[in-house]
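Undergrad: got a sequence here, can you model it:
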Amino acid sequence: MEYFINCNTSTLAPYTANLDQLRAAHLYRRLGFSASLATLNQATGQSASAVVDSLIDEALSMPEIAPPIWANWNNDNYPEDNDASNQLKREQKSEFQLAYANSLLDNNLRDRLSFFWSNHFVTELDVYNCNPYLYQYINCLQRNSIGNFKTFTSEIGLTNAMLYYLDGVYNNGNNPNENYARELYELFTLGEGNGYTEEDIIETAKALSGYVERGEVGCSAVTFDATKHDAGPKTILGQTGNWSYDDVINILFEQRAPEIAEFICRKLYEFFVHPDSKDVANNAQTIIDGLAATFVSSNFELAPVLRLLFKSQHFFDDEAIGVIIKSPVDFYFNTLNESNFSYTDTNVAEMVNYSALLSQEIFEPFDVAGWQRDRSWINTNFMIGRWLTIESILENFYMANNEQFRSFGLEISSNVGLTSPNPDQVARLIIDFILPKGLLNEEEYAKAFAIFRSDVEDVYYEGGNQESWTLATWPQGPFQVYLLFQYLARQPEFQLK
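TA: Here you go, the predicted structure:
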């Protein structure tokens, strides 16, 4: 697949035209995990500003996932037998993965963002191995995903999951552990080598020390022990004092506001707009600078930055559509939302498991730097895995109820008032709905048309004295849509959003 160079020259000026279906679909593919035709029809014809405000306001007010019964357990709540305890932990993890996956599928910006932040403020459940910590961590992501980034940074560092994952629980004042201090600057706020020194890391580790009281029972909440905190003077980013945890956050955001804003806005840009943000031939830096200025002036509130970006001409430019490679979770969940097929928790769990097979396991990013995204999702093994798994998923939907494939095709074709029995017109509409920018050229469309026609004799497409083909009545109609869907799922364009 050819790598896309960012040729987007549009600005952050508001996109003033009403949304057409193409741009409504683009909006939902980026701000959620795509959407059904019915949802897109509600957005089509509205102003971008109105739809974006609605999605952001919804994200701001959305409740978090309800706490599971084990949310505040510790190891005393689990069976004494190790095998039984580990089995129960695995079951809880699977249940919570499913709950979170269903929250992602509900097509909301809040959890598109919480999933983004899980790949920024990274932890791995396999490392800290405590399901209650996992719930508390996800709750923190959801509460802060579109809130204040300074508050978010402060809160995430004191979650039990993060304290264990990056060794904060071993950061004693007389023997400081530098792991979290390093990642706070390098991965979470500034970027590698940007605006801090090794001495800043050493001094910051001392200021962060003391969160080491782990209780007598495993999986208990970590608390602060003042006797294990280095209370002496430290010099951090040029400021000297008897600094502690809150002081570190305050100094960081006061002294390095422009650097933080640029780093975070670049990540948001690469995630939501285009993975190429540094090519000298494009104006992405100008866009990022504009977003960063808004971020600083709004005291690190995320919502104003997102409103500015998602309402912009730059976001809706043709060059921004269909240029990001779907992650495994996108690959499956977008298909499910776009098709509007009836699904069960079993279907969702299958997709979660397939995503893990393709190296994107929910709650288990690859390492502290997270999933690297984009081209890392596309190699020979992963492509074969995508093809085989999506074929299995579509086959299961077909076996469960093949008529939903007919309904899918009819909804798309009737949406534009198509009454002609011409199968190529029906196929084109399905193709253009599923793929962000359709197929490459007419030759590729012709190949897809041939798949859609299946083994139905040409005479039935020609009218005359023969019974004319229509998707609504033709017995093989569901199978034709199914074959086309299977074919498209193997195309390069299907890998993009």
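Undergrad: what's the separation between the residue nearest to residue 333 when sequence neighbours are not counted and residue 328?
TA: Distance criterion C-beta to C-beta, 6 or more residues apart in numbering; nearest residue to residue 333, sequence neighbours excluded, is residue 33 at 3.9 Å. Placement of C-beta: from N, CA and C, glycine included. Applying C-beta to C-beta, to the nearest Å, the value for residue 33 to residue 328 is 12 Å.
Undergrad: cool, and residue 8?
TA: Applying C-beta to C-beta to residue 8 and residue 328 gives a distance of 26 Å.
Undergrad: now do residue 229
TA: If you go by C-beta to C-beta, the gap between residue 229 and residue 328 works out to 42 Å.
Undergrad: check residue 494 too.
TA: Residue 494 is 13 Å from residue 328, where distance means C-beta to C-beta.
Undergrad: do residue 300 as well
TA: The gap separating residue 300 from residue 328 is 31 Å, by C-beta to C-beta.
Undergrad: residue 247 too?
TA: Note on residue 247: its distance to residue 328, by C-beta to C-beta, is 41 Å.
Undergrad: neighbour count for the two, which is higher?
TA: Higher neighbour count among residue 247 and residue 328: residue 328, with 23 against 17, using other C-beta atoms under 10 Å.
Undergrad: who are the neighbours in contact with that one?
TA: 354, 355, 358, 359, 360, 377, 386 (C-beta atoms under 8 Å, 6 or more residues apart in numbering).
Undergrad: quick check, pLDDT for it.
TA: If you check residue 328, the pLDDT there is 96.
Undergrad: just checking, residue 308 touches residue 291?
TA: Yes. Using C-beta atoms under 8 Å, residue 308 and residue 291 qualify as a contacting pair, with a distance of 6.4 Å.
Undergrad: buried sites along stretch 231-251?
TA: For stretch 231-251, burial by neighbour count (16 or more other C-beta atoms under 10 Å) applies to 234, 236, 237, 243, 244, 245, 247, 248, 249, 251.
Undergrad: and the second one, bridged to which residues?
TA: When you say that, I think you mean residue 236. Residue 236 has these beta-bridge partners by DSSP bridges: residue 239.
Undergrad: was I right to think it contacts residue 248?
TA: Yes. Counting by C-beta under 8 Å, residue 236 touches residue 248, with 6.4 Å between them.
Undergrad: overlap in contacts, these two.
TA: Overlap of the contact sets of residue 236 and residue 248 (by C-beta under 8 Å, 6+ apart) consists of 204, 207.
Undergrad: how far out from the middle of the chain is stretch 322-339?
TA: 10 Å (C-alpha atoms, centre = their mean, to the nearest Å).
Undergrad: got it, and stretch 216-230?
TA: That offset, for stretch 216-230, works out to 33 Å (C-alpha atoms, centre = their mean).
Undergrad: got it, and stretch 362-369?
TA: 13 Å.
Undergrad: buried residues in it?
TA: Neighbour count says stretch 362-369 has 362, 363, 364, 365, 368 buried, by 16+ other C-beta under 10 Å.
Undergrad: low-confidence ranges, the protein, go.
TA: Applying pLDDT under 70 to the chain flags the ranges 1-3, 279-281, 418-421, 459-467.
Undergrad: quick one: the strands in it?
TA: For the chain, the strands defined by DSSP state E cover 234-236, 239-241.
Undergrad: save these as TSV, and put in distance to residue 447 too.
TA: TSV is the format used below for the strands of the chain (distance: least, C-beta to C-beta, whole Å):
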stretch	distance to residue 447
strand 234-236	61
strand 239-241	64
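Undergrad: mind checking which of these is nearest residue 482?
TA: strand 234-236 (60.8 Å; C-beta to C-beta).
Undergrad: what comes into contact with the closest one?
TA: Under the criterion C-beta under 8 Å, 6+ apart, residues 199-200, 203-204, 206-207, 240-243, 247-248, 251-252 lie in contact with strand 234-236.
Undergrad: which one of those is nearest to residue 259?
TA: residue 252 (9.5 Å).
Undergrad: isn't the closest one up against residue 260?
TA: Yes. Between residue 252 and residue 260 there is a contact under C-beta under 8 Å: 7.3 Å.
Undergrad: who touches both of the two?
TA: residue 189.
Undergrad: how close does residue 158 get to residue 71?
TA: Taking C-beta to C-beta, one finds residue 158 at 17 Å from residue 71.
Undergrad: and what of residue 92?
TA: Residue 92 is 10 Å from residue 71, by C-beta to C-beta.
Undergrad: the two - which one has more neighbours?
TA: residue 92 (19 against 15).
Undergrad: the nearest residue to residue 155 once chain neighbours are set aside: how many residues sit nearby?
TA: Excluding its sequence neighbours, the residue lying closest to residue 155 (C-beta to C-beta, 6+ apart) is residue 140, at 5.5 Å. By other C-beta under 10 Å, the residues close to residue 140 number 22.
Undergrad: so who does residue 140 touch?
TA: 152, 155, 156, 159.
Undergrad: quick one, what contacts the second one?
TA: With contacts taken as C-beta under 8 Å, 6+ apart, residue 155 has the following neighbours: 140, 143, 144.
Undergrad: is it possible to get JSON lines of those residues that adds distance to residue 27?
TA: What follows is the contacts of residue 155, written out as JSON lines (distance: C-beta to C-beta, whole Å):
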{"residue": "140", "distance to residue 27": "27"}
{"residue": "143", "distance to residue 27": "24"}
{"residue": "144", "distance to residue 27": "23"}
